[in-house]
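# All I have is the shape, not the residue letters:
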């Protein structure tokens, strides 16, 4: 019996992709690539924000340590202002003197009164040879002019200064003699004594009293503003015994006046970057505002990051920084400063249950302050001249309902004035004046490079007075 085997045709039916399917696949892949790209871009931005925040914390700690040692109670006739409680920026004098000061006008109207630590001016400690004590340096029974360290502060409040001489004998016993400045001695100052060397302390032996503690001649501060203190002709009216020597001279804690808050280097953090002058790129900085109230004074420290829009020019070795923020008084008056004042409307959105600030979308003077991430400090309001107790941050921006030429920046909280909202009620609005960092400024350095500014944080320091 024969079997018949029938085979199907070998012609295979191989269907391909249609053009529509290919295009659809490309669209899907494109969306995926865009999503991944956005994810990477968002990750980079998030990483930069986290890095900026970490640097900001480090700079804030540095500011905390710096201000706690250099800032005391505020005093001076300039504290009597027509509008107490308003926030006002601190200024620098010029590009060559970029220290933030509470009194940049050099009128001596406002200053900090700071308490120093104890300062040793001379030491010749005893050593014991097994039978008795001797001075470590037997050639310096009396300290000479070049033996003394300096008092590092200018504008010392001389009536708070006490200099102590510690005398030791060969049996190891010590005794102390003090010199203080009284008002009658301070009133002996004359104008021609203001050109003396700064912050030095010198001593001369009184030829009329052999063996006595040397006469004291203390010279402070050359600033031409009436704060010069020179103590002259004081002497310790006792003679040293044959077995005694001056083992230590020190100044007890005293008060000194300062108008400086922070130098430019103090308020900047740098990162390594070979493309920048001196291989250092400024990354994070801070600026300050202050206000004086009836019973207290405060400083607000606003931190920000900066990014050069154009590459700074190479520097010769002249020490000029690549970024000098525009913080002079004239910069602020001309609206070119790092800090700029804006007039906005404060209100409350019942639907979103959020406070907001509102301004003219076409006015750059208002629009710059209404941007996501912007930090605002209310200087004062239309009906209350006191500034706010806290800074606020803009967290979202949208057009104002029913007004296409107005924009609203919704803020993370209401500005508080003495613990209360400036709004009389939630249905009302209030005109307020706020300080904010400009998004772009021109450095005061010689190359005049433009820098992009991004706000990071704001902190308030309570001062002693």
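Perfect, thanks for sending it. Just so you know, these numbers come straight off a predicted model, no measurement behind them.
# any idea which helix or strand carries the closest residue to residue 249 other than its chain neighbours?
Leaving aside its chain neighbours, residue 249 sits nearest to residue 122 (4.1 Å; criterion: CB to CB, 6 or more residues apart in numbering). Just so you know, the C-beta spots here come from the backbone N, C-alpha and C atoms, and that holds for glycine as well. Assigned by DSSP states H and E, residue 122 falls within strand 119-123.
# list the helices and strands whatever helix or strand comes next after that strand packs on?
For strand 119-123, the succeeding helix or strand toward the C-terminus, using DSSP H and E, is strand 126-128. Identification of packing neighbours for strand 126-128 by 3 or more CB pairs under 8 Å, 6 or more residues apart in numbering; DSSP states H and E yields strand 133-135.
# If you average pLDDT per helix and strand, which one of this protein comes out bottom?
Counting by mean pLDDT, DSSP states H and E, the chain has its least confident helix or strand at helix 183-186, which shows a mean of 42.
# show me the contacts for residue 160.
Residues in contact with residue 160 (CB atoms under 8 Å, 6 or more residues apart in numbering) are 254-255.
# Let's verify residue 283: helix, strand, or coil?
Following DSSP: H, G, I helix; E, B strand; the rest coil, the label given to residue 283 is strand.
# who's the closest residue to it other than its chain neighbours bridged to?
With sequence-adjacent residues excluded and distances taken as CB to CB, 6+ apart, residue 283 is closest to residue 271, at 4.7 Å. In this entry, residue 271 is beta-bridged to residue 281, by DSSP bridges.
# Residue 271: how many residues sit nearby?
12 (other CB atoms under 10 Å).
# those strands in the stretch 151-300 of the chain, which residues are they?
Remark: strands assigned in the stretch 151-300 of the chain by DSSP state E, counting those that start in this stretch are 162-169, 174-180, 200-204, 215-220, 229-234, 244-251, 255-258, 260-262, 268-272, 280-292, 297-308.
# can you pull the buried residues of the last one?
Spelled out, that is strand 297-308. 297-306, 308 (16 or more other CB atoms under 10 Å).
# Then the second one?
In terms of neighbour count (16+ other CB under 10 Å), strand 174-180 has its buried residues at residue 179.
# Return the list of strands paired to it, each annotated with direction.
In the sheet, strand 174-180 lines up with strand 162-169 (antiparallel) (DSSP bridges).
# Contacts for the partner strand, please.
121, 126, 133, 135, 174-180, 201, 213, 216, 218, 236, 240-241, 243-252, 254.
# contacting residues around the residue nearest to residue 283?
Neighbour list for residue 271: 280-281, 283 [criterion: CB under 8 Å, 6+ apart].
# Would you reformat the residues you listed as TSV and include distance to residue 458, pLDDT and neighbour count?
Converted to TSV, these look like this (distance: CB to CB, whole Å; pLDDT from 0 to 100; neighbours: other CB atoms under 10 Å):
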residue	distance to residue 458	pLDDT	neighbour count
280	26	83	15
281	24	86	19
283	18	88	19
